[in-house]
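# Would you be able to build a 3D model of this:
(one chain, ligands or ions: 1)
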Amino acid sequence: MQMHYAFKHLATAATLVQQYNGELPLAAFLKQYFSAHKKHGSKDRKYISELCYCYYRLGHALLHLPVEERMKIALYLCSNELQSWEALFEETWLQQHTPLLSQRISFVQQQYPALQAGTIFPWLTHCSETIDTTAFAYSHLVQPKVFLRIRPGYEQKVPDALAQQNIPFEQADKYCIALQPNTSISTLLDVNKAAVVQDYSSQKVGGLLQQVKVLSPGTQWRIWDCCAASGGKSILANDLLKPASLTVSDVRESIIRNLQQRFKEAGITRYDWFTADLTKQQKLLQNRDVNLVICDAPCSGSGTWGRTPEQLFYFTNEQLQHYASLQQQIVNNIVPQIKAGTYFLYITCSVFREENETMVQLLQQKHAMKILQTEVLKGYALQADSMFAALCIKE
Ligand SMILES: C[S@@+](CC[C@H](N)C(=O)[O-])C[C@H]1O[C@@H](n2cnc3c(N)ncnc32)[C@H](O)[C@@H]1O
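Presented below is the predicted three-dimensional model:
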């Protein structure tokens, strides 16, 4: 990129982050800005967006610096190579730049000692114990990959289709494909039929679903996915526990419409649905006899902020309290309504103890649930999300 453009993009991105207040998702805010300012071509849009995203990846570190200086440091840290941006940096910085993130961090720390894991992610003391907090905090400087879950029957077809179209990919396991960040796959594959876009850790929740199969072999599964959104976990459960009947619900009717479209593409026809606010006292399971409840609870999403780094920047302690209390209300409301012998799979995409281990204690102590397995799914080493899952049974 020409020197003149690098500085121009930096100035535009700096103005944008000063205008942005976190209310809209950053992607939506940038889309709005670009559609109102048609002068930016597709490359400009890409560069300006990159700068804005990098800015938020630094979390709460180096907030005392002027916006453009902080943005340059963020860009330096987040980029494996600086080819397009050389004009922005002094020669010594360019010479010290390496593809290794740990070395880039050490170099920047020499000049800016305030760059630390705990300044990037100030809630490290809230993280589940088994999380390597330093690795997790620094993982926010790296954009996560896109992951596909291959659906049964397409184990060969999906990798073949990607190879044919020269799309770089890695096969994380038999059913999981990792693609470079920003790979758009809608034109490459039959999305939802052959493969589902689903993060690596989300796919690993399947391990706990397979566990119920081992514990209760031969069971005809009747599943209630009570926070179904557009059905990611339901499709996973359907694929692993077939033949299963599904009941799905969510507080938002609009997201259930998306689910219906996705189920259609996925070929899932045996299901019923309803909308319900799970915090409200009501009989949720009238006439429904279920033996597995999946509760992928609304949460802070703190394990996924590598994808939405603006949330790392704008998240507050009050929001953490809000989610922890929402999850408690949901659990306190639904668990008494399920029968003894029913499996309950509690999931969050959060790394916070308040949303994870504390909820397991509640399930055990207040609701006499037997905890069968808990897992902190550490995606941060794999450019994936981090999640939590606990499998319990009502005694
Ligand atoms: C983490 S998402 C579920 C993701 C989904 N299971 C998947 O795999 O794609 C949580 C969902 O809970 C829903 N939700 C939030 N508050 C709720 C409430 N009070 N009652 C029921 N659902 C709620 C949200 O609308 C959201 O779709």
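# near the ligand, which residues of the protein show up?
Near the ligand, the residues belonging to the chain are 227-230, 232-233, 250-252, 255, 277-279, 296, 298 when assessed by C-beta under 6 Å from any ligand atom. In short, each C-beta sits where N, CA and C put it, glycine included.
# Mind doing that once more with 5 Å?
Within the chain, the positions lying close to the ligand (C-beta under 5 Å from any ligand atom) are 227, 229, 232-233, 250-252, 277-279, 296, 298.
# what would the residues you listed look like in CSV with neighbour count?
Formatted as CSV, the residues of the chain next to the ligand follow (neighbours: other C-beta atoms under 10 Å):
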residue, neighbour count
Cys227, 20
Ala229, 19
Gly232, 21
Lys233, 23
Asp250, 24
Val251, 16
Arg252, 13
Asp277, 14
Leu278, 22
Thr279, 17
Asp296, 22
Pro298, 19
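# Select from these every entry located in strands.
Counted as lying in strands by DSSP state E, out of the residues of the chain next to the ligand, are 250, 296.
# Tell me who's in contact with Pro25.
308, 310 (C-beta atoms under 8 Å, 6 or more residues apart in numbering).
# Distance of it relative to Val191?
Distance of Pro25 to Val191, given as C-beta to C-beta, to the nearest Å: 21 Å.
# cool, and Ser350?
Taken as C-beta to C-beta, the span from Ser350 to Val191 is 27 Å.
# quick one, which of the two is more surrounded?
Per other C-beta atoms under 10 Å, whichever of Ser350 and Val191 has more neighbours is Ser350, with 29 against 16.
# Now do the same contact list for the residue of the chain found nearest the ligand.
Closest residue of the chain to the ligand, C-beta to the nearest ligand atom: Gly232 (2.9 Å). For Gly232, the contacting residues are 196, 198, 202, 296, by C-beta under 8 Å, 6+ apart.
# burial measure for the closest residue to Gly303 other than its chain neighbours, as a count.
Among residues not flanking Gly303 along the chain, Ser386 sits closest, at 3.5 Å (C-beta to C-beta, 6 or more residues apart in numbering). Ser386 has 27 neighbouring residues, counting by other C-beta under 10 Å.
# Touching, Ser386 and Ser201? I think so.
Yes - using C-beta atoms under 8 Å, Ser386 is in contact with Ser201, at 6.2 Å.
# Go through the residues of the chain next to the ligand and name the one nearest Ala87.
Ala87 has its nearest neighbour among these in Gly232, at 42.1 Å by C-beta to C-beta.
# now that closest one: how far from Gln365?
The gap separating Gly232 from Gln365 is 30 Å, by C-beta to C-beta.
# quick check, Leu141 in a strand?
No - applying DSSP: H, G, I helix; E, B strand; the rest coil, one finds Leu141 to be coil, outside a strand.
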